[in-house]
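K.L.:
Turn this into a model:
(one chain, ligands or ions: 1)
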Amino acid sequence: MSTNLTNLKGGEFLVNSMNFADIYTPEDLTEDQILFKSAIEDFVKNRILPNIQKIDKQEPGLTPKLMEEAGELGVLGAGIPEEYGGLGLDFNTETVIAENLGKTNSFSVSVAAHSGIGTLPILYFGTEAQKTKYLPGLASGHIKAAYCLTEPDSGSDALAAKTRADLSPDGTHYIINGQKMWITNGGFADMFIVFAKIDGKDFTGFIVDKDTEGLTLGPEEEKLGIKGSSTRQVFFNNVKIPKENVLGEIGKGHKIAFNVLNIGRYKLCALVMGGCKAVLEVATHYAIDRHQFGQSIANFGAIKHKLAEMAIRTFACESATYKTSGLITNKISELVAAGKSKPQAKLEAAEEYAIECAILKVHGSETLDYVVDENVQIHGGSGFSEEYPAARAYRDARINRIFEGTNEINRLLLVGMLLKKALKGTIDIMTPALAVQKELTSFAGFDTPNPDDTFHNEKKYIANAKKAILMVAGAAVQKYTTEIENEQEVMMDVADMLIGLYTAESSLERAQQILQSDAPAHIKSISTDCVKVYTYSSIEDLAKSGREAINYFASGDMMKIMQMGLKRFTTTEPFDSISARRRIADHLIETGGILMD
Ligand SMILES: Cc1cc2nc3c(=O)[nH]c(=O)nc-3n(C[C@H](O)[C@H](O)[C@H](O)COP(=O)(O)OP(=O)(O)OC[C@H]3O[C@@H](n4cnc5c(N)ncnc54)[C@H](O)[C@@H]3O)c2cc1C
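P.N.:
Numbers count the residues shown, from 1 in each chain. Modelled structure (predicted):
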């Protein structure tokens with residue numbers, strides 16, 4: 001397996017590694033990005049957070065007005081080219097924006113739906129006339145967008161949509177009939193991206209303006225969380241829209257619907273990672289201030305464990321998000337150099353890294369859920385009270401595991417995509433998989449520790465984790481061939497192993513960079529602690545998933561050989577994670593919950 005590549009293809013992380021110095025990290029922000037970041041921080045602090053309760057009560061006109069203010073700041077048009085009224089900023093800057101918006105609960109959902117799934121279909125698939133008509137308003141926020149894919153009977157199975165579009169007898173219009181549900185921004189959107197089947201069969205995208213006759217809205221949904229985001233049903237009763245409003249090619253609506261979701265999943269992770277950081281600060285401050293048994297609860301080991309673990313998982317999520325941002329940015333540059341337009345390049349780059357985007361979506365949303373849950377626990381009874389922000393953060397986090405493809409669908413997808421790449425030969429998985437099979441029956445050899453390499457063990461764990469995944473996934477595919485899709489529990493186990501690997505390796509690469517940089521000594525030691533704890537627990541989890549899968553699909557001698565192989569590939573050296581977590585928690589208590597900045 002190669003270990004010093006300057007870039008990786010999508011999914012290639014399973015068999016190769018990058019030179020750690022070449023990965024993109026949050027420590028690489030340019031001066032311009034830092035300036036943009038601080039402008040958004042000010043906006044969040046001065047305009048969104050003071051209004052958070054009013055936003056949650058859906059005070060009429062407030063979210064649309066704040067969205068226009070975000071538009072003025074450049075937040076909505078960051079990724080839209082300048083000729084269409086945007087700022088045409090690079091993808092890494094979009095990551096910085098998303099991270100900082102992630103601290104705004106419901107507001108971030110409204111903005112993400114608008115500038116992601118609401119805007120990107122036009123940017124990527126619109127005609128010149130459609131782009132000229134809509135993009136400037138979408139960039140400024142004067143046109144607000146919604147995206148209508150889901151229906152009462154078609155959620156995860158989006159292509160089972162019943163909404164239909166029929167050409168008018170004079171051939172100038174399509175007439176749309178049907179019903180969409182769970183439509184974010186439904187209550188105030190000016191424009192809806194709608195998917196319907198022409199003649200009941202050709203799944204196609206359409207642009208539908210709000211005031212088109214026959215379009216009506218249901219009442220606001222009473223939701224568990226993100227109460228401040230508008231969510232409505234949208235009904236289409238003989239809605240007549242001009243032929244010019246067909247989006248992309250007839251019958252190719254799935255390309256629009258699914259491709260914008262790659263970026264959507266990536267951005268969701270950047271948003272929730274920003275949310276994790278904000279919640280960690282809140283939790284740390286509360287822990288410091290709350291006294292029981294005559295002392296601050298932050299002094300208790302049980303609370304230190306929680307704070308540290310929240311930070312460690314967030315560090316991993318952040319590292320993987322920025323690494324992927326860098327990979328996508330590099331791919332965009334490569335495609336632009338080859339003559340592609342920027343939007344086309346961005347679309348293709350996100351498609352290349354669709355596996356990583358799905359990994360991030362699952363890991364990010366589950367990290368946030370962990371973080372908000374522990375935050376409530378650290379707050380004790382106050383975590384259950386609306387007087388504190390912990391309850392809102394807890395409620396608002398939950399949706400992230402459901403939309404942009406549920407986490408089950410994303411787990412299945414990411415393994416399915418990887419297997420397809422392997423079968424097509426886009427990534428050579430077969431050669432390393434065969435090498436692992438040979439290694440299984442050979443002598444294990446001795447590992448000579450290198451005392452000069454802080455991460456000697458972690459590098460070994462990552463290299464071995466790849467072998468463990470290749471062994472489990474390879475054997476499962478050999479057994480089930482294409483029928484593996486029906487063995488969902490095995491697919492889920494493999495997905496979890498891949499998620500653990502990608503996030504652990506991204507953290508390790510980042511910490512190696514930090515160690516070689518001129519960062520202060522305490523930052524070096526804290527990031528080292530984070531990576532050591534995270535890698536150690538990821539390998540334990542990976543072993544558990546692998547064992548479960550092998551116990552199901554293997555038998556007899558083969559099962560014994562594989563279980564022994566798994567043990568060999570997931571062996572860890574003794575490591576004192578309790579002391580490492582205590583050091584991380586003490587650092588958080590000193591900085592008020594800020595791990596790295
Ligand atoms: C607040 C909110 C905002 C939303 N915003 C939008 C929006 O703006 N636009 C839009 O179009 N949609 C939106 N959605 C819809 C959202 O994308 C869907 O809810 C989601 O895709 C899941 O679909 P479903 O609710 O029908 O669940 P289902 O598809 O019925 O899934 C139910 C359960 O079954 C599992 N499942 C389903 N199929 C499989 C399978 N093949 N294998 C294994 N498990 C499976 C799922 O993972 C889930 O756990 C929103 C939803 C909510 C709640």
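
K.L.:
So what does the closest residue to the ligand within the stretch 101-250 of the chain have for phi and psi?
P.N.:
Closest residue of the stretch 101-250 of the chain to the ligand, Cβ to the nearest ligand atom: Gly155 (1.7 Å). In short, each C-beta sits where N, CA and C put it, glycine included. Per-residue torsions, Gly155: phi -110, psi -90 (degrees, to the nearest 10).

K.L.:
That one - how many residues pack around it?
P.N.:
Neighbour count of Gly155, defined by other Cβ atoms under 10 Å: 17.

K.L.:
what does Val272 give?
P.N.:
Residues within reach of Val272, counting by other Cβ under 10 Å, total 31.

K.L.:
do the helix or strand it falls within and the ligand meet?
P.N.:
If you go by DSSP states H and E, Val272 is part of helix 253-289. No. On the criterion Cβ under 6 Å from any ligand atom, helix 253-289 is out of touch with the ligand, staying 8.5 Å away.

K.L.:
Give me the buried positions along that helix.
P.N.:
Neighbour counts using 16 or more other Cβ atoms under 10 Å place 253, 255-284, 286-288 of helix 253-289 among the buried residues.

K.L.:
mind checking how far that helix is from the chain centre?
P.N.:
The chain centroid and the centroid of helix 253-289 are separated by 7 Å under Cα atoms, centre = their mean, to the nearest Å.

K.L.:
The closest residue to Asn185 other than its chain neighbours: neighbouring residues, count only.
P.N.:
Leaving aside its chain neighbours, Asn185 sits nearest to Ala146 (4.2 Å; criterion: Cβ to Cβ, 6 or more residues apart in numbering). Ala146 has 28 neighbours, counted by other Cβ under 10 Å.

K.L.:
Check Thr441 and give its pLDDT.
P.N.:
If you check Thr441, the pLDDT there is 80.

K.L.:
what's near enough to touch it?
P.N.:
Ile561 (Cβ atoms under 8 Å, 6 or more residues apart in numbering).

K.L.:
if we go to 10 Å?
P.N.:
Residues in contact with Thr441 (Cβ atoms under 10 Å, 6 or more residues apart in numbering) are 561, 564-565.

K.L.:
where's it relative to Pro26, distance?
P.N.:
From Thr441 across to Pro26, the span is 43 Å (Cβ to Cβ, to the nearest Å).

K.L.:
now do Leu73
P.N.:
Counting by Cβ to Cβ - Leu73 and Pro26 are separated by 21 Å.

K.L.:
what residues are up against the residue nearest to Asn185?
P.N.:
Ala146 makes contact with 110, 113-114, 117-118, 180, 183-194, 208, 210, 230-232, 234 under the criterion Cβ under 10 Å, 6+ apart.

K.L.:
Can I get the helix or strand where it lies as CSV, trimmed to CA atoms?
P.N.:
Element membership of Ala146 [criterion: DSSP H and E] is strand 145-148. Presented in CSV, the C-alpha positions along strand 145-148 are these (Å, rounded to 0.1, in the frame of the first residue of the first chain):
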residue,chain,number,x,y,z
ALA,A,145,-35.3,28.6,-2.2
ALA,A,146,-36.8,25.3,-1.2
TYR,A,147,-36.2,21.8,-2.5
CYS,A,148,-39.1,19.4,-3.0
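
K.L.:
does any bit of it sit next to the ligand?
P.N.:
Yes. Strand 145-148 comes into contact with the ligand (Cβ under 6 Å from any ligand atom), by way of 147-148.

K.L.:
Do me a favour and average the pLDDT over that strand.
P.N.:
Averaged across strand 145-148, the pLDDT comes to 98.

K.L.:
ok so, going back, what sits up against the following helix or strand past the helix holding Val272?
P.N.:
Proceeding N to C from helix 253-289, the next assigned helix or strand is strand 291-292, under DSSP H and E. Strand 291-292 is contacted by residues 297-300, 380 when judged by Cβ under 10 Å, 6+ apart.

K.L.:
Quick one: list the elements packing against the host helix or strand of Ile589.
P.N.:
Assigned by DSSP H and E, Ile589 belongs to helix 577-591. In terms of contacts (3 or more Cβ pairs under 10 Å, 6 or more residues apart in numbering; DSSP states H and E), helix 577-591 is packed against helix 253-289, helix 301-337, helix 521-553.

K.L.:
With mean pLDDT added, can I get those in a markdown table?
P.N.:
Shown next, in a markdown table, are these (pLDDT from 0 to 100):
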| stretch | mean pLDDT |
| --- | --- |
| helix 253-289 | 97 |
| helix 301-337 | 97 |
| helix 521-553 | 98 |
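
K.L.:
Kindly tell me how buried Thr431 is, as a neighbour count.
P.N.:
Neighbourhood size, Thr431 [other Cβ under 10 Å]: 10.
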